[in-house]
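Engineer: predicted structure and sequence below. I'll ask about it afterward.
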Amino acid sequence: MENLQLLLHGFEGALSFANLTSAVLGALLGTIVGVLPGLGPAATLALLIPVAFSMRPDTALIMMTAVYAGSMYGGSLTSVLLRVPGEAASVMTALDGFEMAKQGRAGSALAISAIGSWIGGVVALGGIVFLAPPLAEFALKFGPTEYFAVMLAALMLSAAMMGGSIVKSAIAICLGLMISTVGTDLQTGVPRFTMGVTELLDGVEFLSVIVGIFGVGEVLWYFREIRQGGASAERLALKGRLWPSKQEFRDSAGPIGRGTVIGFLAGVLPGAGPIMASVISYMTEKRLSRHPERFGQGAIEGVAAAETSNNAASAGAMIPTLTLGIPATGTTAVMMGALMMWGIRPGPMLFTEQADLVWTVLASMLISNVILLILNLPLIGMFVKILDISPKFLMPAIIALAVVGAYATNNSMIDVYLVILFGVVGYFMRLIGLPPAALVLALVLGDRFEQSLRQSMQLSGGHPVVFLTSPISAVALAVGLFAVVWDATKGYRNKKKAAKAAAHEPAA
Amino acid sequence: MKRAEQWVTLALMAVSVAYAYSAFSIKVKLDDAIGPRAFPLLVSGVMIVLCLLNLVGLARKSGDEPAALGWSEMAMTVLGVVYCVLMPVLGYVLSTALFMAGGIRVMGEKRWPLTLVVAVVTSLVSWGLFARMLGVTLPTSPLGIL
């Protein structure tokens, strides 16, 4: 009950005029930028961080949570109308959403995603309110050894679950860790990898990296997609009714309920929370359905399941981010980077040291969900108009926005050059299939990852055995190792299964 | 794609080797159990192994047509660099307008009047939003806000 009281107190903070205005503004901006094709939630969040620079920390964070929620919603709009998912977690939404739009049911699809997202988000927030404080308390017992092991496990899980090749995810992670070591070493004060550039003594600016990789990289990548004919996808008009029918509501109730639970649980896991959540709940609905053949042909259950669970998962992903300081997804990594820019270090101490702030932010997540529901249902038509803006004007504007943002961080031109550099890096990462989210995750964790390794080695006098003798650390490492081995042997197992099936075929 | 991927992986390996080489020149004190050098060496070692694994995996795959880099990506990147160079000289508003005009042309817009109008309006609106409303300091030129 104490938590509820704290949350109520948080509402008092969140409902002040300035905070409420920034939540509305954030939700609007988040949706608008999120609707731009190709810009997923991580990119949206990164590009809009500078907008909140001059605000007080609590107001700024409220704005960022609203932007986060808005960008998720904007992503579902492009999935449905353009079949361009802004991020991997909306791929499942596009499957049936786009088919529904083709049948003139885009309004129903969008309304059900708004409603499903809302329910998923709100219920998952309830979960955070009750789960996060005890988890934070548990994590207070962590020493550097446990921290290192948990972070290593989180990175291993992400490598295994980001989809695609585990080697490539791991390369992206190492690249992120390498970038994080640039600058003055925190323990000894020696400069590392600065190449004589004074500005790099403070490290590579996080915002430049994310804005470069997600923003500029995406623009450069867009050229390639046009050449290959991928980006000129047909755009469907928003026609027909804007509200689901009674039958559609009835069909969606189950998927929304189950999607919420699946989403929340998957979201708490590090790695690919929302992606896994949307895939699992989509598959679950398909299996439970009496008409599984309708899936992929415009089944509203598919849209409801995917959108509810990915939203519940992204709320759930705030649990490890806030309590352990370990973000579960690329988007929450960006969110955590934003928190750190305002001098807030997520981790177990956060709930005791800055309790007011945390509860205000949690309350405002709830409020932004409500704002989105109120704003988005009537404003769908306006958001769709944004899709009419020609990419010819949008793409250069995105680069300009990225440049302004990076400059505004430290008023330093080095940060701006870094944006272009990381834009090129982002382009090549996409070219060879390295997941940018994995790099960002490693970059956010990098410093603490290294420090906790060194501290635990100092405490143990240089014996790596400590990682196995501490039970928490041993369990974490075992889980991480299992995920890696499981994924690495996937090809082998599939081959075996195929061989088995082939052997059975003639007999059957 | 295969050829491109091999080159990028090789480039990543080269970066890791250079990084490891530079890690050796980090000053370490003897009393540290594990100093500022160990972690970078560890990471670059893992990175090199991963790149090798990727190259081995690629060698087994059959290659398809090499992916050419388009001129438009390169043009946009060059424009971006020029934008950065010009910004401290010309100030935010002017350099942004120039960059936008160039960028819109690279994107394939042929109409000059439209290009210029959009470029100038974007530059002024973003300046108003960031510098005036949000209080962000942006580079100015000797000509004032222009």
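Structural biologist: Received the coordinates, thanks.

Engineer: name the element B:Glu73 belongs to?
Structural biologist: helix B:71-90 (DSSP states H and E).

Engineer: which outside residues touch that helix?
Structural biologist: Applying Cβ atoms under 8 Å, 6 or more residues apart in numbering or on different chains, the contact partners of helix B:71-90 are A:216, A:219-220, A:223-224, A:395-396, A:399-400, A:403, A:407, A:413, A:416-417, A:419-420, A:423-424, A:427, B:94-96, B:98-99, B:102-103, B:106-107, B:139, B:141. Heads up, the C-betas are built off the backbone N, CA and C, glycines and all.

Engineer: what number of residues lie near whatever residue of the stretch 1-150 of chain A ends up closest to chain B?
Structural biologist: At 4.4 Å from chain B, A:Ser54 is the closest residue in the stretch 1-150 of chain A, using Cβ to the nearest Cβ. Counted by other Cβ atoms under 10 Å in any protein chain shown, the residues lying close to A:Ser54 total 14.

Engineer: coming back round to it: show only the entries of the contacts of helix B:71-90 found in strands.
Structural biologist: With strands defined by DSSP state E, no entry of those lies inside them.

Engineer: need the buried ones from the residues you listed selected in PyMOL.
Structural biologist: Of those, the buried ones can be selected in PyMOL as follows, counting by 16 or more other Cβ atoms under 10 Å in any protein chain shown:
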select buried, (chain A and resi 216+219+220+223+224+395+396+399+400+403+407+413+416+417+419+420+423+424+427) or (chain B and resi 94+95+96+98+99+102+103+106+107+139+141)
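
Engineer: tell me where chain B has helices.
Structural biologist: For chain B, the helices defined by DSSP state H occupy B:2-24, B:38-60, B:71-90, B:92-106, B:112-127.

Engineer: nearest to A:Ala355, of those helices?
Structural biologist: helix B:38-60 (33.3 Å; Cβ to Cβ).

Engineer: ok, and for the closest one, which residues are buried?
Structural biologist: Judged by neighbour count using 16+ other Cβ under 10 Å, the buried positions of helix B:38-60 are B:38-40, B:42-44, B:46-48, B:50-51, B:53-54, B:58.

Engineer: stretch A:214-234 too?
Structural biologist: Neighbour-count burial for stretch A:214-234 flags A:214-225, A:231 (criterion: 16+ other Cβ under 10 Å).

Engineer: if we check chain B, which of those residues are in contact?
Structural biologist: Counting by Cβ under 8 Å from any Cβ of the partner chain, A:Val216, A:Val219, A:Leu220, A:Phe223, A:Arg224 from the buried residues of stretch A:214-234 sit close to chain B.

Engineer: which two among the residues you listed are spaced furthest apart?
Structural biologist: It's A:Val216 and A:Arg224 that sit farthest apart of those, by Cβ to Cβ, at 13.7 Å.

Engineer: quick revisit: now the residue of the stretch 1-150 of chain A closest to chain B: closest residue in space, sequence neighbours ignored.
Structural biologist: Closest residue to A:Ser54 apart from its sequence neighbours, by Cβ to Cβ, 6 or more residues apart in numbering or on different chains: B:Gly135 at 4.4 Å.

Engineer: so that neighbour sits against A:Met55, correct?
Structural biologist: No. The pair B:Gly135 / A:Met55 is not scored as a contact, 9.7 Å apart, by Cβ atoms under 8 Å.

Engineer: from start to finish, how long is stretch A:379-399 in a straight line?
Structural biologist: One end of stretch A:379-399 sits 27 Å from the other (Cα to Cα, to the nearest Å).

Engineer: quick check: mean pLDDT of that stretch?
Structural biologist: Mean pLDDT, computed over stretch A:379-399, is 84.

Engineer: what comes up buried for the one helix or strand A:Gly116 maps to?
Structural biologist: If you go by DSSP H and E, A:Gly116 is part of helix A:106-139. Under the neighbour-count criterion of 16+ other Cβ under 10 Å, helix A:106-139 has A:106-129, A:131-133, A:135-136, A:139 buried.

Engineer: what packs against that helix?
Structural biologist: Applying 3 or more Cβ pairs under 8 Å, 6 or more residues apart in numbering or on different chains; DSSP states H and E, we find helix A:106-139 packed against helix A:2-14, helix A:57-82, helix A:91-102, helix A:246-268, helix A:300-316, helix A:318-324, helix A:350-353, helix A:355-386.

Engineer: which residues touch the next helix or strand after the fourth one?
Structural biologist: Per DSSP H and E, the first helix or strand lying C-terminal to helix A:246-268 is helix A:273-288. Residues external to helix A:273-288 that are found in contact with it (Cβ under 8 Å, 6+ apart): A:87-93, A:95, A:161-163, A:254-255, A:258-259, A:262-263, A:265-267, A:269, A:292, A:295, A:301-302, A:305-314, A:316-317, A:328-329, A:331.

Engineer: any idea how far A:Leu131 lies from B:Thr140?
Structural biologist: Noted for A:Leu131: a distance of 50 Å to B:Thr140, by Cβ to Cβ, to the nearest Å.

Engineer: how close does the residue in chain B that chain A sits nearest to get to B:Leu90?
Structural biologist: Using Cβ to the nearest Cβ, B:Gly103 is the residue of chain B that sits closest to chain A, at 2.7 Å. Noted for B:Gly103: a distance of 16 Å to B:Leu90, by Cβ to Cβ.

Engineer: do A:Leu47 as well
Structural biologist: 23 Å.

Engineer: where does the stretch 401-508 of chain A have low pLDDT?
Structural biologist: A:504-508 (pLDDT under 70).

Engineer: and stretch A:265-285, C-alpha only, in PDB?
Structural biologist: Extracted C-alpha coordinates of stretch A:265-285, given in PDB (Å, rounded to 0.1, in the frame of the first residue of the first chain):
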ATOM      1  CA  LEU A 265       6.900 -10.800 -18.400                       C
ATOM      2  CA  ALA A 266       8.900 -10.600 -21.600                       C
ATOM      3  CA  GLY A 267       9.700  -7.000 -21.100                       C
ATOM      4  CA  VAL A 268      11.300  -7.500 -17.700                       C
ATOM      5  CA  LEU A 269      13.900  -9.800 -19.400                       C
ATOM      6  CA  PRO A 270      16.900  -8.100 -20.900                       C
ATOM      7  CA  GLY A 271      17.500  -8.400 -24.600                       C
ATOM      8  CA  ALA A 272      14.700  -8.200 -27.000                       C
ATOM      9  CA  GLY A 273      11.800  -7.700 -24.600                       C
ATOM     10  CA  PRO A 274       9.200  -6.000 -26.900                       C
ATOM     11  CA  ILE A 275      10.300  -8.000 -29.900                       C
ATOM     12  CA  MET A 276      10.000 -11.300 -28.200                       C
ATOM     13  CA  ALA A 277       6.700 -10.200 -26.500                       C
ATOM     14  CA  SER A 278       5.000  -9.300 -29.800                       C
ATOM     15  CA  VAL A 279       6.200 -12.500 -31.500                       C
ATOM     16  CA  ILE A 280       5.200 -14.800 -28.600                       C
ATOM     17  CA  SER A 281       1.800 -13.300 -28.100                       C
ATOM     18  CA  TYR A 282       1.000 -13.200 -31.900                       C
ATOM     19  CA  MET A 283       2.000 -16.900 -32.100                       C
ATOM     20  CA  THR A 284      -0.100 -17.700 -29.000                       C
ATOM     21  CA  GLU A 285      -3.200 -16.100 -30.500                       C
END
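
Engineer: identify each buried residue in that stretch, please.
Structural biologist: Buried residues in stretch A:265-285, counted by 16+ other Cβ under 10 Å: A:265-282, A:284-285.

Engineer: what distance separates stretch B:35-55 from the middle of the whole chain?
Structural biologist: Chain-centre distance of stretch B:35-55: 23 Å, with Cα atoms, centre = their mean, to the nearest Å.

Engineer: can you pull up the most central residue in the chain?
Structural biologist: Let's take chain A. By Cα atoms, centre = their mean, chain A has its centre lying nearest to A:Thr331, at 2.8 Å.

Engineer: contact partners for that one?
Structural biologist: A:Thr331 makes contact with A:Gly40, A:Pro41, A:Ala42, A:Leu45, A:Tyr68, A:Glu87, A:Pro274, A:Ser314, A:Ala317, A:Ala437 under the criterion Cβ under 8 Å, 6+ apart.

Engineer: that older thread, any chance of the ones next to chain B among the buried residues of stretch A:214-234 in a markdown table, with pLDDT too?
Structural biologist: Output for these, formatted as a markdown table (pLDDT from 0 to 100):
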| residue | pLDDT |
| --- | --- |
| A:Val216 | 93 |
| A:Val219 | 89 |
| A:Leu220 | 91 |
| A:Phe223 | 85 |
| A:Arg224 | 84 |
